[in-house]
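>>> kindly generate the corresponding structure for this input.
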Amino acid sequence: MKKIAVILAFATALLTMAPASAQQAKKKKIINRYSMRLIPQDDGSYKIDSKTLNLLAGEEPEGLYEPYKNVPLIPSSKVEDVSCKEIVYKTYPDRELKLYIAPAVGAKALTPVVCFIHGGGWRAGNPGSFRKHAMYVAKYAGFAGVSIGYSLAGQKGANISVTMRDLHDAVQYLREHATEYNLDMKHLAFAGSSAGGHLAAMMALTEPDAKVLSGWSGVYDMEPHLEYWAGGQNHEVVKYMFGGKSRKIQSYSPVYNIPVDRQIAVQLFQGTGDSSVHHSQAESFRDALEEAGQKTVECNIYPYYAHGLTGSSDKGRECFAKFIQFTKEHIYD
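Okay, the predicted model is just below:
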C-alpha cells in the first residue's frame, strides 16, 4: 500500500507540474526566419502581434508562421583561441564601464580598429553581447575588435550626453594604449545594433578618424520616436534622451550631424517588418547622407525582416559577411 501511495503522490506531482511546464513553454521566445516573435496558441498554431501584421500590410511571406531554430551567428568554436581582454576604462561611484579588446591575430603592424556598440534601448545590454564579434574580426578580418559599454538610462546621472562622453572616453583610452594593442587609431570603424546603431552613427560622425559606419536596425532621427516613448512606453528613456533644458535632441540625431568636410563609408541594414524601428529611419538617413555629399552609402532594406535581422534571423550571417567585406573595402578610404 505504501508503494502505491508513493506512486500516486509522484503522479499527482507530475500533474501539478504540467500546467507550469506548459506555461514556461508558452513564455519561451519562439521566432520565425524573419526574427518575428511567434505567439503559441492552444491548438498548436502560432500568431504574430498586430503591430507587426500591420507592417506586412496583408502580405504573408513564406514561413511566416513556422518556428525557426536560430543558428549562432558566431559559434564559440570559431573564436575559442582568440585573445580578448576585459578592461574597466571608466569608473563612476555606482558603476564600472567596461570594454573588450581583441587585438588582430598575427598582426605585425598597426591594424585598423572596429568598435562595436551594443543595443538594448539605451537602458539595457552590455558589451559582452558583441565580444565574439570583436574576436571574429580579430581572427578573420585582420582588424582589432573592440566592444564598448556605456552609461544606461536609469543609472545615476545618466543621459544621452553622458553616454556620448563615455564612448568618446573609450576611444581615447584606445588611443592612449594603441601601442600596447597594436592599434591604428587613424582608421576606425563603428558598428552597432538598434540603440547601438544610433550610438555607432553618432560616434562615426563625430570621431574625426572614423572611416566606416555600419548601422543595424538603428535609430537615426530621434524626434519621430518622442511620441512612442512618451506614450507610456519608456519613461526612463524619455528623461534620458529628452530631459534637461540644455539638451537639444537634434544634437544627438545622426541625420543632423553629418560632416561636410570628410567622407565616411556608411552601410545600413533594416527590415520592413521591424515593429521597433521603422525602416524609414534607414532610408531617411541614407537620403540625408547623400544630400550632404557623402559618396559611399549602402542601404540594405530586407522585406519582411524584423528587428533581429542582423542577429537572430536567417539573414544574420549574410549581413555580417557583408559588413566585413564593406569594412575591408573602405577602412582605408
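>>> can you give me the helices in the protein?
2-27, 50-56, 131-140, 160-176, 178-181, 195-206, 226-230, 235-242, 280-291, 316-330 (DSSP state H).
>>> for Val82, which of those is the nearest?
helix 131-140 (4.1 Å; Cβ to Cβ). Where you see a C-beta, it was placed from the backbone N, CA and C, and this is true even at glycine.
>>> show me what that closest one is packed against.
strand 95-102, strand 111-117, strand 144-148, helix 316-330 (3 or more Cβ pairs under 8 Å, 6 or more residues apart in numbering; DSSP states H and E).
>>> make a markdown table out of the ones you listed and add mean pLDDT and distance to Gly192.
As requested, the helices and strands packed on helix 131-140 are exported to a markdown table (pLDDT from 0 to 100; distance: least, Cβ to Cβ, whole Å):
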| stretch | mean pLDDT | distance to Gly192 |
| --- | --- | --- |
| strand 95-102 | 98 | 14 |
| strand 111-117 | 98 | 4 |
| strand 144-148 | 98 | 9 |
| helix 316-330 | 98 | 11 |
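>>> out of the ones you listed, deepest packed?
For these, the largest average neighbour count (mean count of other Cβ atoms under 10 Å) is found in strand 144-148, namely a mean of 30.
>>> outside of that one, which residues touch it?
84, 99-104, 107, 111-118, 127-131, 133-138, 167, 170, 174, 181-183 (Cβ atoms under 8 Å, 6 or more residues apart in numbering).
>>> and of the helices of the chain, who's closest to Met36?
helix 50-56 (5.6 Å).
>>> could you check how far the closest one is from the centre of its chain?
22 Å (Cα atoms, centre = their mean, to the nearest Å).
>>> may I see the buried residues of it?
Neighbour-count burial for helix 50-56, with 16 or more other Cβ atoms under 10 Å as criterion, is recorded at 52-53, 55-56.
>>> which one of these is nearest to Ala265?
Nearest to Ala265 among the buried residues of helix 50-56, with distances taken as Cβ to Cβ, is Leu55, at 29.2 Å.
>>> neighbours around the nearest residue to that closest one once chain neighbours are set aside, how many?
Nearest-residue entry for Leu55: Gly273, 5.3 Å, with adjacent residues in sequence omitted and distances by Cβ to Cβ, 6 or more residues apart in numbering. Neighbours of Gly273 under the rule other Cβ atoms under 10 Å: 25.
>>> just Ala189 next, same as before
29.
>>> and it, bridged to which residues?
With DSSP bridges as the criterion, Ala189 is bridged to Val114, Val212.
>>> check the one 4 residues further on too.
Note on Ser193: beta-bridge partners Trp216, judged by DSSP bridges.
>>> and for it, the neighbour number?
Quick note: Ser193 (other Cβ under 10 Å) scores 28 neighbours.
>>> OK, contacts around Gly197?
119, 215-220.
>>> can you tell me how far it is from Val266?
11 Å (Cβ to Cβ, to the nearest Å).
>>> shared neighbours, these two?
Counting by Cβ under 8 Å, 6+ apart, the residues touching both Gly197 and Val266 are Gly215.
>>> about what we covered before: from the buried residues of helix 50-56, pick the one nearest Glu283.
Leu55 (14.4 Å).
>>> quick one: contacts for the closest one?
Per Cβ under 8 Å, 6+ apart, neighbours of Leu55: 272-275.
>>> at 7 Å instead, please
Applying Cβ atoms under 7 Å, 6 or more residues apart in numbering, we find Leu55 in contact with 272-273, 275.
>>> turn these into JSON lines, columns for pLDDT.
Shown next, in JSON lines, are the contacts of Leu55 (pLDDT from 0 to 100):
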{"residue": "Thr272", "pLDDT": "97"}
{"residue": "Gly273", "pLDDT": "97"}
{"residue": "Ser275", "pLDDT": "92"}
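>>> can you list the domain ranges for the chain.
Taking automatic domain parsing as the reference, the chain has its domains at 2-56, 76-330.
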